[in-house]
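Colleague: Take a look and give me a structure for this.
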Amino acid sequence: MNPSCARCKKIVYPTEKVNCLDKFWHKACFQCEVCKMTLNMKNYKGYDKKPYCNAHYPKSSFTAVADTPENLRLKKQSKLQSQVQYKEDFEKNKGKGFSAVANTPELERIKKNQELVSNIKYHEEFEKSKGTSAAAGERRPSNDIPQYNVQHEVHQGYQQRQEPQPQVYTPPAAPVAQPPSIGKRYRAVYDYAAADDDEISFLDGDLIIDVQQIDEGWMYGTVERTGDTGMLPANYVEAV
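Modeller: Numbering: from 1, shown residues only. The predicted structure follows:
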């Protein structure tokens, strides 16, 4: 027999069932108790067997008496989802390689800097090796029979081919006018980390442009700072 939804009390069929907090919910009924934003298994926070979003989760401290297995699990989950834990993991894993999951803009910037440093180091070693080879050639005793220096001839031929070319003046291209932004503009009032691939992450104060309303709890827009486009919770932003 199919169970009933904990919110609307209607029958929950297997294709739309969410089993969480010892209850069964419709996917659309699994909402924050305060703002009614639709939640999922990655971004919900349970309190007193009720789902809440990160912004409206009741702030409470756990005592030695109230440290039940459920509260310990929720406390651990809240810590893992916090920005402090993310920064600690990032510092611990710095220099140990990058995975596809952790390709954040900050990690991409570090990878590019490391590639530039590697290229500079390679060129420095190459120039040193050239200087060492030249010094070894000068110390080599000369024989009566002249030796044909292939590298020198190739280098001379390359220099002969590298004749200066006349420079042609190219007028600068006219600036292309940026298309006007469509949709509304919002400003983030909380930090948000994307829980799904179709969502976007942003920081408090970021400007969200081209915003389109999807439903009561979600919007679709672009973070002006990073250029990322996707879904975002409506209760994390305010209209500009």
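Colleague: Is residue 18 in a helix, a strand, or coil?
Modeller: At residue 18 the chain is in strand, as set by DSSP: H, G, I helix; E, B strand; the rest coil.
Colleague: Could you give the bridge partners of it?
Modeller: Taking DSSP bridges, one obtains residue 25 as the residues bridged to residue 18.
Colleague: report the longest helix in this structure, please.
Modeller: Taking DSSP state H as the criterion, the chain has its longest helix at helix 105-139.
Colleague: Now that helix: average pLDDT?
Modeller: Computed over helix 105-139, the mean pLDDT rounds to 74.
Colleague: buried set for it?
Modeller: Buried residues in helix 105-139, counted by 16 or more other C-beta atoms under 10 Å: none are found. Quick note: C-beta positions are derived from backbone N, CA and C, even for glycine.
Colleague: helices and strands around it, which ones?
Modeller: Using 3 or more C-beta pairs under 8 Å, 6 or more residues apart in numbering; DSSP states H and E, no helix or strand is in contact with helix 105-139.
Colleague: According to the record, where do the domains of this structure fall?
Modeller: 14-81, 184-239 (automatic domain parsing).
Colleague: so which of those domains comes closest to residue 122?
Modeller: With C-beta to C-beta as the criterion, residue 122 lies closest to domain 184-239 of those, at 31.2 Å.
Colleague: give me every residue that touches residue 104.
Modeller: The contact partners of residue 104, by C-beta atoms under 8 Å, 6 or more residues apart in numbering, come to none.
Colleague: ok, now how distant is it from residue 36?
Modeller: As judged by C-beta to C-beta, to the nearest Å, residue 104 and residue 36 stand 31 Å apart.
Colleague: Equivalent analysis for residue 212, please.
Modeller: For residue 212, the distance to residue 36 equals 20 Å [C-beta to C-beta].
Colleague: Residue 92 too?
Modeller: Residue 92 is 38 Å from residue 36, by C-beta to C-beta.
Colleague: So for those two, which sits in the more crowded spot?
Modeller: Between residue 92 and residue 36, counting by other C-beta atoms under 10 Å, residue 36 is the more crowded of the two (12 against 9).
Colleague: which secondary structure element contains the more buried one?
Modeller: Using DSSP states H and E, residue 36 sits within no helix or strand.
Colleague: what's the burial count for the residue nearest to residue 34 when sequence neighbours are not counted?
Modeller: Using C-beta to C-beta, 6 or more residues apart in numbering and skipping the chain neighbours, the partner closest in space to residue 34 is residue 56 (3.8 Å). Residue 56: 14 surrounding residues under other C-beta under 10 Å.
Colleague: thinking residue 56 is in contact with residue 33, fair?
Modeller: Yes: in this structure residue 56 lies within contact range of residue 33 using C-beta atoms under 8 Å: 7.4 Å.
Colleague: hey, where'd the helices end up in the protein?
Modeller: All helices of the chain, identified by DSSP H, fall at 69-80, 83-92, 105-139, 150-161.
Colleague: among the helices and strands of the chain, which has the poorest mean pLDDT?
Modeller: helix 150-161 (a mean of 53; mean pLDDT, DSSP states H and E).
Colleague: Can you tell me the closest non-neighbouring residue to residue 2?
Modeller: Residue 2 sits nearest to residue 11 (C-beta to C-beta, 6+ apart), 4.9 Å away.
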